[in-house]
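In: Below are the sequence and a predicted model; questions follow.
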Amino acid sequence: MEDRKLNEKESLELIARMIQNTRRNLDAGSGNMFLIWGYVCALVTLAIWVGIYFTDNQVWLWGFWAIPVLGWLLSWRLLRKRRLEERVKDYGSRTLMMLWIYMGVICFIVASYATAYQRYEMILPLCGLVTSIGSLATGIFVRYKNWALPGCGVGVAVALIAIMEEVDPLYAFALVAIFSLIIPGHALNRMARKEAKEVSHV
């Protein structure tokens, strides 16, 4: 049997449902996911800054490899606790999942190449730029523009300034984590609670 073609109204309704389903999946855990990675990035950066400040030893910079280790472990624990693996089934959620997997791979490649060519000063600004773009794309995709545009725009600007100018990459990366991950994460959780109340009152 041939598939029936959708008219314009049905197509718009289907897209709206897809976006709503993706937003529900985000509400279920991605706000916390943003917070996990944001706080891990910010706290590890702070710890490294303190270590360098008091010891004047650049070996502390190797501590940044703690970010993917801690981030993935905490993310896995959150996903296991909420069983999101069973909930993330719609097209939009799979798309966002793949987006962030690619963002993580790009950051790993950037860090590896910069380490190989001893261009350590480029790692944090470039990874910060990638993270900000990923957060911005997520907000736009699920139509959380008010959440995505202000904070993530600041994150992109800070990362670009750190790339173009002689700005301490530690400060820049911490700011990117705050504006592109922590603030959007809290905003997303707040929006999720608001939408849940609206649904409960319907």
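Out: Right, received. Where do you want to start? Residues are numbered from 1 along each chain as shown.

In: Name the residues that touch stretch 123-132?
Out: Taking contacts as CB atoms under 8 Å, 6 or more residues apart in numbering, the residues outside stretch 123-132 that touch it are 37, 41, 64, 103, 106-107, 110-111, 114-115, 152, 155-156, 158-160, 162-163, 169-170, 172-173, 176-177, 179-181. Using the backbone N, CA and C atoms, a C-beta is placed for each residue, glycine as well.

In: at 7 Å what do you get?
Out: By CB atoms under 7 Å, 6 or more residues apart in numbering, the surrounding residues in contact with stretch 123-132 are 103, 106-107, 110-111, 114, 152, 155-156, 158-160, 162-163, 169, 172-173, 176, 180-181.

In: From these, keep the buried residues only.
Out: For those, burial is judged from neighbour counts taken by 16 or more other CB atoms under 10 Å, and it is met by 103, 106-107, 110-111, 114, 152, 155-156, 158-159, 162-163, 169, 172-173, 176, 180-181.

In: Okay, and which of the residues you listed map to helices?
Out: Among the buried ones among the contacts of stretch 123-132, the ones falling in helices (DSSP state H) are 103, 106-107, 110-111, 114, 152, 155-156, 158-159, 162-163, 169, 172-173, 176.

In: before we move on, what SS does residue 167 have?
Out: At residue 167, secondary structure determined by DSSP: H, G, I helix; E, B strand; the rest coil is coil.

In: Could you find the closest non-adjacent residue to it?
Out: Spatial nearest neighbour of residue 167, excluding adjacent residues (CB to CB, 6 or more residues apart in numbering): residue 161 at 5.8 Å.

In: Please, which helix or strand holds the nearest residue to residue 176 once chain neighbours are set aside?
Out: Taking CB to CB, 6+ apart as the measure, residue 176 lies nearest to residue 128, with 3.6 Å between them; neighbours along the chain are not counted. Taking DSSP states H and E as the criterion, the element that holds residue 128 is helix 123-141.
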